[in-house]
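# Turn this into a model:
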Amino acid sequence: MPRISIRQHFRKLRSKSRNRGLICRRGVEAVEAALTLPLLLALVFPMLHLTHNWHTEKMLKIAAFEAVKVLGHRDGTLERAQSTFAEYATAFGIEGAELELDPSFLSGSIPTDSAFWVRGVAPQLQNRLPLPLNISLGSQLRSGQVFYRKEG
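Alright, predicted model coming up:
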């Protein structure tokens with residue numbers, strides 16, 4: 001029977017402990033991944049919803065800007081402005097969008113060289129991402145007011 005020196009004996013023990021440490025470490029990494037993955041998803045999904053809502057509001061503002069340019073012309077009518085807004089909103093993939101007008105515009109015709117505003121509004125439920133953990137800051141997505149001056 002061959003004799004093992006003390007040095008060889010400690011080498012064997014060291015290699016066994018290294019392998020045992022790797023196996024134990026793999027289990028720790030799996031537990032860490034299982035704990036951090038839900039946290040990561042809980043942060044990513046709301047950020048996706050917020051950026052999608054922000055993008056939709058920006059597209060509504062572009063559509064409202066195109067509609068207000070139609071209203072600002074001397075021969076611009078409300079029907080043409082609403083159809084222009086609807087064309088841009090559907091081209092951007094926004095569903096159920098409506099044009100919100102300045103109350104002074106609804107009371108009658110705006111005199112020339114006076115300012116007015118319009119805004120695009122769309123329901124958030126129809127324009128949200130199909131992801132869990134939805135962040136809902138309101139039931140409507142609203143663009144900023146677009147101001148314009150009626151040409152004389």
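# Wait, residue 125 touches residue 139, no?
Yes. Using CB atoms under 8 Å, residue 125 is in contact with residue 139, at 7.3 Å. Where C-beta positions appear, they are placed from N, C-alpha and C, glycine not excepted.
# Pick out whichever of these two has more residues nearby.
Between residue 125 and residue 139, counted using other CB atoms under 10 Å, the more crowded position is residue 125 (13 against 8).
# Next one, pLDDT for that one please.
If you check residue 125, the pLDDT there is 82.
# Show me what the longest helix along the chain is packed against.
Secondary structure assigned by DSSP state H gives helix 6-72 as the longest helix of the chain. Packed against helix 6-72 by the contact rule (3 or more CB pairs under 8 Å, 6 or more residues apart in numbering; DSSP states H and E) you find helix 78-91, strand 115-123, strand 140-142, strand 146-149.
# Nearest to residue 60, out of these?
Taking CB to CB, strand 115-123 is the member of the helices and strands packed on helix 6-72 nearest to residue 60, at 3.3 Å.
# Relative to the closest one, what are the paired strands and their orientations?
strand 98-101 (antiparallel), strand 140-142 (antiparallel), strand 146-149 (antiparallel) (DSSP bridges).
# which residues are contacting that strand?
For strand 115-123, the surrounding residues in contact (CB atoms under 8 Å, 6 or more residues apart in numbering) are 56, 60-61, 63-64, 67-68, 71, 81, 85, 89, 94-102, 104-105, 110, 139-150.
# try it again with 6 Å
With contacts defined as CB atoms under 6 Å, 6 or more residues apart in numbering, strand 115-123 is touched by 60, 63-64, 67-68, 94, 96-102, 105, 110, 140-143, 145-147, 149.
# quick one, that strand and helix 6-72 angle?
Angle, strand 115-123 to helix 6-72, by axes from the mean of the first three to the mean of the last three CA atoms, to 10 degrees: 130 degrees.
# Please consider this matter closed, and thank you.
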